[in-house]
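Student: Kindly generate the corresponding structure for this input.
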Amino acid sequence: RQLGSIVDDQTVNCLYSEGLVRVHNGKVLPGIAESWDTKNGGRTYLFHLRKSVWHDGKPLTAHDFQYTFKRLVDPKTGSRDAIIADAIKNAVPIIGGKMPPSELGVKALDDYTLQIDLEYPADFFLLILNAGVFYPVSSDYVKKYGKEYASTPDKLEYNGPFILKEHKNEESNVLVKNPRYWNAKAVKLDKIEMLVVPDENTALILFENGDIDVARVPSTLFDKYSSRAIATGGKPEWVYVNTRKKAEKPWLANKNFIKAIGYALDRQEYADLSSRGRDIPLTRFVLPILTGTKTTYGRDYPLSFFPSRGDKAEAKKYLTMALKELKLNTPSDISVDYQVKDDPESRRAGEAIQSILTKNLGIKVNIVPVDYKRIWASMNEGTYDLSWAGYAADYDSPYGYLTLIYSGHLLARRTGYANKDFDSLFDTIKSTSGKDNIFKKYYEAEKILMTDVVPIVPSKILRTAFLVNPKVKDVVFSFVNFQFDLSFADKE
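Tutor: Model (predicted):
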């Protein structure tokens with residue numbers, strides 16, 4: 001589980017596993033921990049576990065969670081999501097190989113009490129515990145199966161509402177109700193079959209024929225199904241600008257050029273062209289639909305740095321300034337490659353960006369479709385010019401976005417960005433108390449990024465649209481961790 005992708009796998013993981021807590025409909029509910037206390041000003045959590053068992057009847061204890069957390073941060077495990085544990089005491093130096101996993105601030109005080117010490121009082125800590133990488137792992141299973149652990153359903157342990165009965169790679173998953181789940185009485189479905197249908201149009205036909213109960217709506221057909229579809233979730237989609245390529249293409253590191261792109265992009269036009277109205281414009285760095293202090297983060301702390309319809313006059317002003325600084329004569333002297341995923345929807349979205357930037361700036365934009373894995377490889381290597389990128393939230397907090405751009409962290413590395421003022425302010429968040437005070441600093445940090453022209457240009461909020469059989473009730477949709485949760489759903 002610690003090797004899984006947080007969002008890609010979570011839709012299935014949340015069916016057969018459960019962590020200390022369960023986030024359901026945006027609320028943190030007791031999971032395997034029936035209660036918890038905090039002390040030391042929020043730097044220490046004491047989780048009191050209920051008496052529950054694995055699917056094979058063996059007791060699930062605090063020692064299993066201690067093993068799980070230390071396995072996650074151990075460099076030998078190689079989890080790409082280990083950094084999500086950075087608030088836990090000593091996690092960062094352990095992940096970096098500078099300290100042994102035994103020093104992690106997680107300790108089983110007895111079979112049913114788990115103590116977790118944090119580096120700072122993280123207001124989002126309970127939220128991250130809903131991520132699949134924190135779901136318990138049995139050391140017995142890991143030791144017994146070694147490299148084969150979790151390779152087949154019989155080599156994986158279960159403690160959630162369902163058990164994975166069958167797994168056919170790239171075909172289907174079949175789950176059956178787990179009678180030993182502590183809250184089995186709340187689980188209404190006896191069986192769930194999840195089909196892997198690569199072509200969304202094919203899945204739509206299956207849904208219309210009554211062969212499946214839930215299906216995604218292709219973006220090309222969203223306008224046709226918008227009255228029936230549930231457009232849910234949302235992750236920011238950005239245009240990355242690789243400032244590390246300034247020797248070869250100096251305009252990529254020019255802030256006025258980056259700002260020109262930001263103003264030239266008509267986000268409403270882009271959302272309409274690329275998704276037929278499914279997606280919505282994004283005018284800031286942090287996802288505005290996150291939970292705020294009173295309503296949503298976007299409503300509580302409004303920020304539309306770039307107009308949703310763009311601003312051609314501002315775009316041309318900043319482009320003129322960039323050309324002068326770069327000693328170039330005309331916009332056509334600037335050429336950029338824009339890499340996108342090599343699939344029909346992504347190519348169509350890329351062509352929309354190409355059209356808008358070419359029309360509004362007069363620069364040359366070449367579309368470069370590449371394999372999905374190559375997208376991330378080129379970012380790490382620094383070989384791209386402009387790139388499509390999205391980010392699926394690990395937890396419902398601005399911190400999860402802002403930490404990405406801290407010097408040396410993921411997005412900062414991929415774009416070559418650094419800002420000492422942002423880093424200094426962000427550091428103070430860790431010693432700030434009070435939700436209102438913390439969110440004010442989130443807001444100030446985001447404004448620093450936008451004002452300083454971070455080379456990550458917001459474009460739109462990418463949503464997913466589903467059709468659901470009216471007979472299926474209590475499906476929970478989310479934009480963090482999982483797309484939808486069928487754990488407590490029912491069918492008439």
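
Student: Can you tell me the SS state at Ser459?
Tutor: Using DSSP: H, G, I helix; E, B strand; the rest coil, the three-state assignment for Ser459 comes out as strand.

Student: ok, so what distance separates it from Val472?
Tutor: 33 Å (Cβ to Cβ, to the nearest Å). C-beta coordinates here come from the backbone N, C-alpha and C atoms, glycine included.

Student: Likewise for Asn481?
Tutor: Counting by Cβ to Cβ - Asn481 and Val472 are separated by 21 Å.

Student: Also Glu119?
Tutor: For Glu119, the distance to Val472 - Cβ to Cβ - is 43 Å.

Student: so which strand or helix has Arg278?
Tutor: In this structure, Arg278 sits in neither a helix nor a strand according to DSSP states H and E.

Student: What about the nearest residue to it once chain neighbours are set aside? Give its phi and psi, please.
Tutor: Take Arg278 and drop its neighbours on the chain: the residue closest to it by Cβ to Cβ, 6 or more residues apart in numbering is Phe222, 4.2 Å away. Dihedral angles of Phe222 (phi, psi; degrees, to the nearest 10) stand at phi -60, psi -40.

Student: Neighbours of Phe222, how many?
Tutor: 18 (other Cβ atoms under 10 Å).

Student: Please apply the same query to the one 3 residues further on.
Tutor: Counted with other Cβ under 10 Å, the neighbours of Tyr225 add up to 18.

Student: Would you check that it makes contact with Val217?
Tutor: Yes. Look at Tyr225 against Val217 with Cβ atoms under 8 Å: they come within range, at 4.9 Å.

Student: list residues touching both of these two?
Tutor: Ala465, Leu467 (Cβ atoms under 8 Å, 6 or more residues apart in numbering).

Student: returning to that earlier point: neighbour-wise, which of Asn481 and Val472 wins?
Tutor: Asn481 (24 against 15).

Student: gap between that one and Lys235?
Tutor: 12 Å.

Student: which residues do those two both contact?
Tutor: Common neighbours of Asn481 and Lys235 (Cβ under 8 Å, 6+ apart) are Ala393.

Student: Can you list the low-confidence ranges for the protein?
Tutor: 1-9 (pLDDT under 70).

Student: Using the centroid of it, identify the residue furthest from it.
Tutor: Ranked by distance from the centre of the chain (Cα atoms, centre = their mean), the top residue is Asn329, with 41.4 Å.

Student: burial count for the closest residue to that residue other than its chain neighbours?
Tutor: Distance criterion Cβ to Cβ, 6+ apart; nearest residue to Asn329, sequence neighbours excluded, is Leu323 at 7.3 Å. Residues lying near Leu323 (other Cβ under 10 Å) number 20.

Student: Same question for Leu204.
Tutor: Neighbours of Leu204 (other Cβ under 10 Å): 19.

Student: Check Asp342 too.
Tutor: 15.

Student: What separation do you get for it and Val142?
Tutor: 36 Å.

Student: what about Gly26, distance to Asp396?
Tutor: For Gly26 relative to Asp396 (Cβ to Cβ), the value is 7 Å.

Student: just Gly292 next, same as before
Tutor: For Gly292 relative to Asp396 (Cβ to Cβ), the value is 10 Å.

Student: same deal with Met450?
Tutor: From Met450 to Asp396 the distance is 21 Å (Cβ to Cβ).

Student: and what of Val197?
Tutor: In terms of Cβ to Cβ, Val197 sits 29 Å off from Asp396.

Student: higher neighbour count, those two?
Tutor: Asp396 (23 against 18).

Student: Quick one: residues contacting that one.
Tutor: So Asp396 contacts Val23, Gly26, Phe124, Leu127, Leu290, Thr291, Val480 (Cβ under 8 Å, 6+ apart).

Student: out of the residues you listed, which are buried?
Tutor: Neighbour-count burial (16 or more other Cβ atoms under 10 Å) applied to those gives Val23, Phe124, Leu127, Leu290, Thr291, Val480.

Student: Quick check: the gap between the residue positioned nearest the centre of the chain and Ile367.
Tutor: The residue lying closest to the centre of the chain (Cα atoms, centre = their mean) is Ala392, at 2.1 Å. Applying Cβ to Cβ, the value for Ala392 to Ile367 is 24 Å.

Student: measure Asp213 to Arg284 for me?
Tutor: 36 Å.

Student: circling back: can you lay out the contacts of Asp396 as CSV showing secondary structure and distance to Tyr16?
Tutor: As requested, these are exported to CSV (DSSP: H, G, I helix; E, B strand; the rest coil; distance: Cβ to Cβ, whole Å):
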residue, secondary structure, distance to Tyr16
Val23, strand, 17
Gly26, coil, 22
Phe124, coil, 25
Leu127, helix, 21
Leu290, coil, 28
Thr291, strand, 27
Val480, strand, 19
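
Student: List just the nearest of the residues you listed to Leu265.
Tutor: Among the contacts of Asp396, Leu290 lies closest to Leu265 (Cβ to Cβ), at 22.3 Å.

Student: What sits closest to the closest one if chain neighbours are left out?
Tutor: Leu290 sits nearest to Tyr297 (Cβ to Cβ, 6+ apart), 4.2 Å away.

Student: Please look at the one you found and Tyr401 and confirm they touch.
Tutor: No. In this structure, Tyr297 is not within contact of Tyr401 by Cβ under 8 Å, at 9.8 Å.

Student: Tell me which of these two has more neighbours.
Tutor: Under the criterion of other Cβ under 10 Å, the comparison of Tyr297 against Tyr401 puts Tyr297 first, with 25 against 22.

Student: How much space separates the more buried one from Ala215?
Tutor: Tyr297 is 31 Å from Ala215, by Cβ to Cβ.

Student: that older thread, who touches both of Tyr297 and Tyr401?
Tutor: With Cβ under 8 Å, 6+ apart as the test, Tyr297 and Tyr401 both reach Val286, Leu287.

Student: Correct me if wrong: Arg284 contacts Thr451.
Tutor: No. Checked against Cβ under 8 Å, the pair Arg284 and Thr451 is beyond contact range at 11.5 Å.

Student: Could you check which of these two has the larger neighbour count?
Tutor: Using other Cβ under 10 Å as the criterion, Arg284 and Thr451 rank with Arg284 on top: 20 against 11.

Student: show me what contacts the closest residue in space to that one that isn't next to it in sequence?
Tutor: With sequence-adjacent residues excluded and distances taken as Cβ to Cβ, 6+ apart, Arg284 is closest to Leu303, at 4.7 Å. The neighbourhood of Leu303, defined by Cβ under 8 Å, 6+ apart, consists of Thr283, Arg284, Tyr443, Glu446, Lys447, Met450.
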